[in-house]
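>>> Provide a 3D model corresponding to the input given below.
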Amino acid sequence: MIRSCVLAAAIAVAPLIAGAAAPLLGQGVHVGDLNRHVEACTDFYEFANGTWRTENPIPAGLPRWSRRVAAHDGNWHRLQSLLEEVSRKKDWPAGSIEQQVGDHYAACMNDTAVDAAGSKPLAAFMAQIDAARTPADVQRIIRRLHDLGVFAAFTSNGEADYQNGNSFIENIAAGSLGMPDRSYYVGTDAQFVEARAKFKTHAAKILSLSGMPAAQANVAAGEILALEQRLAESALDGAAAADLAGTDHKTSFAQLKQLAPHIDWDTYFGEAKLPKIELSVAEPKYLAELEREFKDTPVATWKVYLKWQLLESAAPSLSQAFVEESFNFKDKFLANAAELKSRSQRCVESTDASLTDPLAQKYVQAYFPPSSKAKVREIVDNLKLQIKELIAAAAWMEPDTKRKSLAKLLGTDIQIGYPDSWRDYSGVKIRRDAFWENVAAGRRFNVDDNRRQVGKPTNRDAWRISPSSPDSYIILEINTMVLTAGTLQPPFFNPDATDAVNYGAMGIAVAHDLTHAIDATGAAVDVGLHPHNWWSEKDHRDFEARGQCLVDQFERYFIEPGVHHNGKRLRDETVADLGGVRIAYLALQKSMRAHPVPSVDGFTPEQQFFISWGQTSGHAMRIEAQRQLVKGDPHPVPKFRVIGPFSNTPEFQQAFSCKAAAPMVRTPEQRCAVW
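Residues are numbered from 1 along each chain as shown. The predicted structure follows:
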């Protein structure tokens with residue numbers, strides 16, 4: 001499972017041009033964003049970028065907004081500019097990355113051809129389903145759907161072994177459902193009853209768009225809903241399904257065949273070229289129900305279910321009628337999306353999903369030069385050195401725990417910008433006149449790529465998301481952090497900014513997540529990638545005792561009268577926030593011994609550091625979103641994520657000459673400190 005960092009940034013700018021004059025270095029913070037009417041020592045959240053928030057209200061339909069969120073959401077514009085340029089040329093060498101991404105994007109953007117085709121691109125596959133007569137035929141169709149990444153009936157996917165992250169094993173889990181969670185199928189609340197009714201209407205509409213008569217489609221939709229309800233009743237809810245320990249059920253291949261003997265596992269694994277070795281069954285109860293369905297459900301019901309699965313998965317890549325129906329139910333109704341994305345944005349996302357590495361290579365060439373990668377590496381290495389010193393100085397940690405913490409830190413694999421080697425997509429055939437076929441080819445490549453890794457040592461260098469993505473992640477189970485080129489863009493990282501600005505933005509966020517590898521969260525997985533708690537009981541007690549200070553502090557942070565944070569729920573993240581600030585600040589100070597940072601716009605390096613974090617993480621957030629966040633999210637709302645750690649930081653008080661009684665200053669007796 002991916003533990004996502006809060007590392008996301010990109011911004012639409014022109015590509016780098018070879019031979020262009022080098023920009024001047026030393027850009028400071030966004031001075032125009034500051035609210036000069038508020039003292040930094042009174043409310044730093046408002047001081048750092050209150051003017052920007054006032055002048056840039058949250059767009060309709062979004063829960064929060066800031067330069068960073070805007071840059072994240074606008075990253076697709078960067079990709080769009082690349083794709084539009086590449087797709088103009090029609091004679092790239094066949095099989096080149098330019099031909100692949102350019103022709104895929106052009107095929108997607110040809111809405112006239114896509115609309116005219118309707119569901120015809122699926123005709124051959126639909127005919128195979130129509131021809132099915134026996135349960136064996138049904139399973140053959142399921143295998144072909146799985147080849148396309150359409151996980152009807154059950155999901156089959158390679159993952160790092162929970163018990164030994166060094167091994168990559170096959171995991172069998174519940175199949176794709178048309179609604180997000182089992183509660184939608186079994187819940188009795190009005191919202192779930194409404195969702196089931198809308199699901200049936202939606203399924204009937206999708207089937208009718210493919211040419212099925214309306215009356216027949218309505219009956220088929222009822223059969224599909226009933227089948228999915230029976231499967232969902234035996235499935236885990238979202239929280240339980242995400243529990244790695246609770247879903248770790250090691251099973252031999254022979255035992256898998258005994259669990260569900262009506263599934264032809266020999267043929268499935270043989271055709272998929274999967275080794276018949278130990279695997280994991282995430283939900284044995286679900287598999288038992290699926291076994292019953294394969295015995296008892298008529299072939300005719302399976303056929304309409306499989307048609308539905310194919311059409312539902314392909315709908316966003318078909319004609320506008322399919323696209324709008326898919327959006328209206330899945331995005332608008334289920335996810336409260338405000339409006340359908342533009343065709344160009346959807347085509348960018350489709351190209352990225354189908355041809356991840358080829359498009360990312362073009363992105364890196366344009367927006368993340370080797371000099372940026374080297375600079376980020378320098379900052380990250382400095383952060384690790386500083387954490388090493390803090391571990392050594394942590395009086396509350398036992399000596400053996402310190403040694404293990406250092407080994408864990410040194411063993412953390414941090415990949416920057418893009419992978420050291422790109423996957424070979426040369427065998428993926430992309431045509432300028434076949435959009436769905438292109439999507440299908442990309443899906444098959446991704447499925448095959450995952451299957452090829454099963455039974456081998458876990459490839460920690462295999463990226464889980466595109467290097468062009470504005471999101472980054474850390475996977476604690478395999479002790480790996482990935483900082484994508486799409487993340488490492490302004491305002492999160494700016495190669496033209498001062499080190500103070502970059503340490504205050506990227507540095508704090510990266511340091512935050514690096515502490516998770518060695519804190520109470522990371523203590524659950526050892527350096528050998530096994531689920532083993534390597535902290536002593538004393539370490540846990542002392543960590544909790546020090547963290548209680550932050551629990552108490554955040555309990556007193558109210559978002560509105562009567563509604564405040566749950567400090568205990570936030571403890572690990574607030575500890576990491578405070579640690580991230582301290583680590584990044586000290587690392588900057590050491591860096592400046594060799595690379596002095598000038599004052600810019602009247603702000604000292606130290607002031608730039610703190611303002612940078614305030615501007616990077618000080619999002620505007622709707623009160624409705626804040627109310628939802630405090631119910632269960634382990635992170636504070638943006639305001640308290642800024643003022644909380646800074647009020648515990650004496651260097652902040654010194655940087656802005658805050659008086660002892662200032663609201664942004666906690667007394668030495670009140671200050672919290674863990675790292």
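>>> which residues of this structure fall in strands?
3-8, 64-65, 154-160, 168-174, 250-251, 279-281, 413-417, 471-475, 480-484, 558-560, 563-564, 620-621 (DSSP state E).
>>> Low-confidence regions, the stretch 1-150 of the chain specifically.
Residues of the stretch 1-150 of the chain that meet the criterion pLDDT under 70 lie in 1-25.
>>> Pick the most deeply packed of the strands of the chain.
Among the strands of the chain, ranked by average contacts under mean count of other C-beta atoms under 10 Å, first place goes to strand 480-484 (a mean of 27). C-beta coordinates here come from the backbone N, C-alpha and C atoms, glycine included.
>>> then that strand to PDB, C-alphas only?
Extracted in PDB, the C-alpha atoms of strand 480-484 (Å, rounded to 0.1, in the frame of the first residue of the first chain):
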ATOM      1  CA  THR A 480      11.100   3.800  -0.300                       C
ATOM      2  CA  MET A 481      10.400   7.500  -1.100                       C
ATOM      3  CA  VAL A 482       9.800   8.800  -4.500                       C
ATOM      4  CA  LEU A 483       9.900  12.500  -5.300                       C
ATOM      5  CA  THR A 484       8.600  13.000  -8.800                       C
END
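>>> tell me the mean pLDDT over stretch 188-204?
In this model, stretch 188-204 has a mean pLDDT of 97.
>>> Please list the outside residues in contact with it.
For stretch 188-204, contacts defined as C-beta atoms under 8 Å, 6 or more residues apart in numbering pick out 178-179, 183-187, 214, 217-218, 220-222, 224-225, 229, 308, 312, 325, 328-329, 333-334.
>>> Which ones among the residues you listed map onto helices?
The members of the contacts of stretch 188-204 that map onto helices under DSSP state H are 183-186, 214, 217-218, 220-222, 224-225, 229, 308, 312, 325.
>>> Report the two of these separated the most.
Farthest-apart pair in these is 183 and 214; separation 29.8 Å (C-beta to C-beta).
>>> So which of these two has more stuff around it?
residue 183 (16 against 11; other C-beta atoms under 10 Å).
>>> what's near enough to touch that one?
Counted by C-beta under 8 Å, 6+ apart, residue 183 has contacts 192, 237.
>>> confidence score at it?
For residue 183, pLDDT reads 95.
>>> returning to what we had before: redo the strands of the chain as JSON lines? Include distance to residue 674.
As requested, those are exported to JSON lines (distance: least, C-beta to C-beta, whole Å):
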{"stretch": "strand 3-8", "distance to residue 674": "19"}
{"stretch": "strand 64-65", "distance to residue 674": "27"}
{"stretch": "strand 154-160", "distance to residue 674": "29"}
{"stretch": "strand 168-174", "distance to residue 674": "35"}
{"stretch": "strand 250-251", "distance to residue 674": "36"}
{"stretch": "strand 279-281", "distance to residue 674": "35"}
{"stretch": "strand 413-417", "distance to residue 674": "22"}
{"stretch": "strand 471-475", "distance to residue 674": "19"}
{"stretch": "strand 480-484", "distance to residue 674": "20"}
{"stretch": "strand 558-560", "distance to residue 674": "24"}
{"stretch": "strand 563-564", "distance to residue 674": "22"}
{"stretch": "strand 620-621", "distance to residue 674": "26"}
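>>> just so I know, which of those lies nearest residue 531?
Of all these, strand 154-160 comes closest under C-beta to C-beta, at 11.3 Å.
>>> for the closest one, packing partners?
Packing partners of strand 154-160 (3 or more C-beta pairs under 8 Å, 6 or more residues apart in numbering; DSSP states H and E): strand 168-174, helix 284-296, helix 435-453.
>>> how close does residue 66 sit to residue 45?
To residue 45, residue 66 is 11 Å away according to C-beta to C-beta, to the nearest Å.
>>> sorry, back to before: out of the helices and strands packed on strand 154-160, nearest to residue 74?
Of the helices and strands packed on strand 154-160, nearest to residue 74 by C-beta to C-beta is helix 435-453, at 24.1 Å.
>>> now that closest one against strand 154-160, angle please.
50 degrees (axes from the mean of the first three to the mean of the last three C-alpha atoms, to 10 degrees).
>>> Quick check: closest non-adjacent residue to residue 407.
residue 527 (4.7 Å; C-beta to C-beta, 6 or more residues apart in numbering).
>>> Angles on the backbone of that neighbour, please.
Note on residue 527: its backbone torsions stand at phi -70, psi -20 [degrees, to the nearest 10].
>>> In contact with it, which residues?
Residue 527 touches 404, 407-408, 411, 479, 534, counting by C-beta under 8 Å, 6+ apart.
>>> Show me those that map onto helices.
Those of those lying in helices (DSSP H): 404, 407-408.
>>> any chance of the residues you listed in TSV, plus neighbour count and pLDDT?
Formatted as TSV, the ones in helices among the contacts of residue 527 follow (neighbours: other C-beta atoms under 10 Å; pLDDT from 0 to 100):
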residue	neighbour count	pLDDT
404	20	97
407	15	97
408	20	96
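>>> Going by distance to residue 428, which of the residues you listed wins?
The nearest one, if we look at these relative to residue 428 and count by C-beta to C-beta, is residue 408, at 38.3 Å.
>>> OK, contacts around that closest one?
Applying C-beta under 8 Å, 6+ apart, the residues near residue 408 are 479, 517-518, 522, 526-527.
>>> Against residue 640, how distant is it?
Counting by C-beta to C-beta, the gap from residue 408 to residue 640 is 29 Å.
>>> Quote the end-to-end distance of stretch 646-666.
Chord length of stretch 646-666, first to last residue, is 9 Å (C-alpha to C-alpha, to the nearest Å).
>>> what does that stretch rub up against?
39-44, 553, 578, 581-582, 585, 604, 606-607, 609-610, 614, 643, 667-668, 671-673.
>>> Which ones among the residues you listed lie within helices?
Reading helices off these with DSSP H, I get 44, 553, 578, 581-582, 585, 606-607, 609-610, 614, 643.
>>> Looking at neighbours, which among those residues is most surrounded?
Neighbour-wise, these (other C-beta under 10 Å) top out at residue 609, 31 neighbours.
>>> tell me the contacts of the residue lying closest to it once chain neighbours are set aside?
Nearest residue to residue 609 in three dimensions, chain neighbours excluded: residue 504, at 4.0 Å (C-beta to C-beta, 6+ apart). With contact set as C-beta under 8 Å, 6+ apart, residue 504 has these partners: 584, 588, 608-613, 616.
>>> which one in those is the model shakiest on?
Lowest in pLDDT among the contacts of residue 504 is residue 616, which has 95.
>>> Quick check: it touching residue 491?
Yes: using C-beta atoms under 8 Å, residue 616 is in contact with residue 491, at 5.8 Å.
>>> Can you check which residues contact both of those two?
67-68, 505.
>>> would you turn these into a markdown table with distance to residue 288 and neighbour count?
Output for the shared contacts of residue 616 and residue 491, formatted as a markdown table (distance: C-beta to C-beta, whole Å; neighbours: other C-beta atoms under 10 Å):
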| residue | distance to residue 288 | neighbour count |
| --- | --- | --- |
| 67 | 51 | 22 |
| 68 | 46 | 25 |
| 505 | 50 | 29 |
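>>> Out of these, the closest to residue 633 would be?
residue 68 (17.6 Å).
>>> For the closest one, give its distance to residue 505.
8 Å.
>>> Now do the shared contacts for these two.
With C-beta under 8 Å, 6+ apart, residue 68 and residue 505 have common neighbours 491-492, 616.
>>> Select from those the one having the most neighbours.
residue 492 (27 neighbours).
>>> For the residue lying closest to residue 32 once chain neighbours are set aside, give me its contacts.
Spatial nearest neighbour of residue 32, excluding adjacent residues (C-beta to C-beta, 6+ apart): residue 51 at 6.8 Å. The neighbours of residue 51, taking C-beta under 8 Å, 6+ apart as the test, are 32-36.
>>> Reformat the residues you listed as CSV; add neighbour count and distance to residue 146.
What follows is those, written out as CSV (neighbours: other C-beta atoms under 10 Å; distance: C-beta to C-beta, whole Å):
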residue, neighbour count, distance to residue 146
32, 9, 53
33, 23, 49
34, 22, 54
35, 18, 55
36, 10, 59
